[in-house]
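Q: Compute the structure for the input listed below.
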Amino acid sequence: MGIFQLFSKDKQETLDKGLERTKTSVFAKLSRAVAGKSKVDDEVLDNLEEVLVTSDVGIETTLRIIERIEKRAARDKYIGTAELNTILKEEIAALLSESNQETAMDFEAEIEHKPYVIMVVGVNGVGKTTTIGKLAYQFKKAGKTVYLGAADTFRAAAVEQLVIWGERVGVPVIKQQMGSDPASVAFDTLTSAKANNADVIIIDTAGRLHNKVNLMNELTKIKNVMQKVVPNAPHEVLLVLDGSTGQNAFEQARQFTKTTQVTALAITKLDGTAKGGVVIGISDQFHIPVRYIGLGERMEDLQLFDKDKFVETLFEQH
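A: Numbering: from 1, shown residues only. Below you'll find the predicted structure:
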């Protein structure tokens, strides 16, 4: 129990540190929004709307939050500005609960149907390969056997980077020559991993969006080929988004969800940005659960997303 508590404390400290810039920014803006006001009126709501939009929560999600607060104000007749922080926290938590009802698969959890196949998608530069490496580390640390597949065969750097991560973590990486058929790499990876009774397989894919038809065809082909080896694969299609890009992350989510059936999100680079509100907006707008958040450079800094802890930390005043 002592080890678990220490680990939980360490995770909480990482979350606190990772969201520090977002939290500081949000509280500074909230203070200005309610300055000189004792109750939540139309002017405060207008100011609050601006706070949320400029915190990259997104316009549609912001309007939903404002509407919820307006209803509470009408129902409760009088809401003081001192209560606004608590109400905002409660409404955002409720919003996140609607999109994150299923719990992320814990790294420690028993895998019922082995191997568990994760196909990772996302544009270049969002931290896709790094996220794969960190996922491999977390699963391996939990005692799982992990295989990686370098199916982004269009960029030599992507293959090289995945191989480096494989060496760092100590897991095998299946690769082919540059320009090889990505579906062929996925087939080899699943075949090898299955023969060696692997628990988890993570497949990297190309991050190109300039030709959506080609990308869609490629991802469909990879899926079809994987299912010849492991029926129902992939069990998870994980879209990696760079949280520090704010509204650009929304656009990437929009394009990828049109292109393939994304089942989960990983939002990276939250530690270096004040745009952590993007997690709330993307989760709400696309109704896809956020599985993982990236909060730093260390391998341990990729965390399972806990919606309650996230909101609690974001609105915690010291």
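Q: Look up the closest residue to the residue positioned nearest the centre of the chain, ignoring the ones flanking it.
A: Among the residues of the chain, residue 266 comes closest to the average C-alpha position under C-alpha atoms, centre = their mean, at 2.1 Å. Spatial nearest neighbour of residue 266, chain neighbours left out: residue 292 (4.1 Å); criterion: C-beta to C-beta, 6 or more residues apart in numbering. Where C-beta positions appear, they are placed from N, C-alpha and C, glycine not excepted.
Q: ok, how many other residues are close to that neighbour?
A: 21 (other C-beta atoms under 10 Å).
Q: That one belongs to a helix?
A: No - assessed with DSSP: H, G, I helix; E, B strand; the rest coil, residue 292 is strand; it does not lie in a helix.
Q: Looking at strand pairing, list the partners for it.
A: Residues in a beta bridge with residue 292, per DSSP bridges, are residue 266, residue 304.
Q: could you check the distance from it over to residue 240?
A: Plainly put, residue 292 is 9 Å away from residue 240 if you go by C-beta to C-beta, to the nearest Å.
Q: swap in residue 279?
A: 13 Å.
Q: do the same with residue 173
A: Taking C-beta to C-beta, one finds residue 173 at 18 Å from residue 240.
Q: Now do the helices in the stretch 201-318 of the chain.
A: Secondary structure of the stretch 201-318 of the chain (DSSP state H, counting those that start in this stretch): helices located at 212-229, 247-259, 278-286, 307-314.
Q: Redo the ones you listed as CSV? Include mean neighbour count.
A: Listed next are the helices of the stretch 201-318 of the chain as CSV, based on neighbours: other C-beta atoms under 10 Å:
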stretch, mean neighbour count
helix 212-229, 17
helix 247-259, 18
helix 278-286, 24
helix 307-314, 19
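Q: and of these, who's closest to residue 90?
A: Nearest of the helices of the stretch 201-318 of the chain to residue 90, taken as C-beta to C-beta: helix 307-314 at 8.7 Å.
Q: angle of that closest one against strand 290-294?
A: Interaxial angle of helix 307-314 relative to strand 290-294 (axes from the mean of the first three to the mean of the last three C-alpha atoms, to 10 degrees): 40 degrees.
Q: list the helices and strands helix 307-314 packs on?
A: Where contact means 3 or more C-beta pairs under 8 Å, 6 or more residues apart in numbering; DSSP states H and E, helix 307-314 is packed against helix 2-18, helix 20-33, helix 81-99.
Q: Select from these the stretch with the lowest mean pLDDT.
A: Mean pLDDT values for those show the minimum at helix 2-18, a mean of 66.
Q: Need the residues touching each of residue 292 and residue 240.
A: 131, 265, 266, 267 (C-beta atoms under 8 Å, 6 or more residues apart in numbering).
Q: Next up, phi/psi of residue 123, please.
A: phi -70, psi 160 (degrees, to the nearest 10).
Q: List the residues that contact the nearest residue to it once chain neighbours are set aside.
A: Excluding its sequence neighbours, the residue lying closest to residue 123 (C-beta to C-beta, 6+ apart) is residue 207, at 4.4 Å. Residues in contact with residue 207 (C-beta under 8 Å, 6+ apart) are 121, 122, 123, 124, 125, 126, 128, 152, 158.
Q: The last one - nearest residue in space that isn't next to it in sequence?
A: Which is residue 158. residue 152 (4.0 Å).
Q: now do the fourth one
A: Of all residues not flanking residue 124 in the chain, residue 207 sits nearest, at 4.1 Å (C-beta to C-beta, 6+ apart).
Q: do you know how far the one you found is from residue 271?
A: Residue 207 is 22 Å from residue 271, by C-beta to C-beta.
Q: Then residue 145?
A: 30 Å.
Q: returning to that earlier point: of residue 173 and residue 240, give the one with the bigger neighbour count.
A: Taking other C-beta under 10 Å, residue 173 and residue 240 do not tie; residue 240 has more neighbours (25 against 22).
Q: Any idea what that one is bridged to?
A: residue 266.
Q: looking at it, residue 208 is touching residue 153, isn't it?
A: No - contact criterion C-beta atoms under 8 Å: residue 208 and residue 153 do not qualify, at 11.8 Å.
Q: between those two, which one's more packed in?
A: residue 153 (22 against 15).
Q: picking that back up, which residues do residue 279 and residue 240 both contact?
A: Counting by C-beta under 8 Å, 6+ apart, the residues touching both residue 279 and residue 240 are residue 267.
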